[in-house]
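> sequence? don't have it. structure:
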């Protein structure tokens, strides 16, 4: 039986996996969210624009230092669609520009600029470490392997497609927790170098639901993330 090509669903999966979420939601649209404007820079108790001014140049500098041939011109945006949960994620425009997106509820939810700066550094770190492309590659590899196995077992077209979808999910999550911890470590460096306290910033994890250490979970336990931040920050002081 001829192997069925990986379905188009992987393209949508790749978009969803561009999100490194602070909580557990995913972006719902492929459109680039609204860029920062004077009307949307002050949300809640945190001066968003002030944090952007300090963190973006440091993130860009770290990106250029740690990568080659990568677009490091971060666009930091606010997703102001109504009824959004507290969320932040990293994605890339069609031209390859990295975008760090924050919903208004997240900005209102953070208690200080250190928390916002750490989250911003964390999202930038995902781009610097190429976690989006690595996740997409893992998803495609998982889909390919699962599709081949389903084919060898004599599955029909529907069974093969279902296997590919499952394989893509498993593949995309194989290193997801490690990616989160890597982004926490580099995000700590970025926030620190921008003049913020990443350990204080990581206290945000104490107020959000703990995902625990679930099999194929997308995020590691909050305690593990706080430990990585503390360990990394200790080497910076």
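Yep, it's here. Computed from a predicted structure; not experimentally measured.
> Could you check how far residue 57 is from residue 105?
Distance, residue 57 to residue 105, by C-beta to C-beta, to the nearest Å: 27 Å. (C-beta placed from N, C-alpha, C; glycine too.)
> helix/strand/coil for residue 114?
Three-state call for residue 114 (DSSP: H, G, I helix; E, B strand; the rest coil): helix.
> got the residue ranges for the strands in the protein?
Ranges of strands in the chain, per DSSP state E, are 42-43, 46-47, 75-79, 88-92, 98-103.
> and residue 234, which of those strands is closest to it?
strand 88-92 (25.0 Å; C-beta to C-beta).
> What's opposite the nearest residue to residue 127 once chain neighbours are set aside in the beta bridge?
Of all residues beyond its chain neighbours, the one nearest residue 127 is residue 98 (4.2 Å), with distances taken as C-beta to C-beta, 6 or more residues apart in numbering. Taking DSSP bridges as the rule, residue 98 bridges to residue 92.
> What is the burial count for residue 98?
25 (other C-beta atoms under 10 Å).
> Contacts only, for it.
By C-beta atoms under 8 Å, 6 or more residues apart in numbering, the residues touching residue 98 are 71-75, 90-92, 124, 127.
> again, only using 6 Å
For residue 98, the contacting residues are 74, 92, 127, by C-beta atoms under 6 Å, 6 or more residues apart in numbering.
> Residue 183 too?
Residues near residue 183 by C-beta under 6 Å, 6+ apart: 122, 125-126.
> can you redo these as JSON lines with neighbour count, distance to residue 178 and pLDDT?
As requested, these are exported to JSON lines (neighbours: other C-beta atoms under 10 Å; distance: C-beta to C-beta, whole Å; pLDDT from 0 to 100):
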{"residue": "122", "neighbour count": "29", "distance to residue 178": "14", "pLDDT": "95"}
{"residue": "125", "neighbour count": "28", "distance to residue 178": "13", "pLDDT": "95"}
{"residue": "126", "neighbour count": "26", "distance to residue 178": "12", "pLDDT": "92"}
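> what's the closest of the residues you listed to residue 199?
residue 122 (13.5 Å).
> Near the closest residue in space to that closest one that isn't next to it in sequence, how many other residues are there?
In space, residue 122 comes closest to residue 187 once its chain neighbours are excluded; the distance is 3.3 Å by C-beta to C-beta, 6+ apart. A count of nearby residues for residue 187, using other C-beta under 10 Å, gives 32.
> so where's the chain shaky on pLDDT?
The chain contains residues with pLDDT under 70 at 1-46, 135, 137-150, 152-153, 155, 159-161, 163-164, 166-175, 212-219.
> same thing but 50
Along the chain, segments meeting pLDDT under 50 span 1-19, 21-41, 43-45, 171, 215-217.
> Which parts of this structure are helices?
Along the chain, counting by DSSP state H, helices occupy 9-16, 48-66, 104-109, 113-128, 131-152, 157-173, 176-193, 198-201, 222-236.
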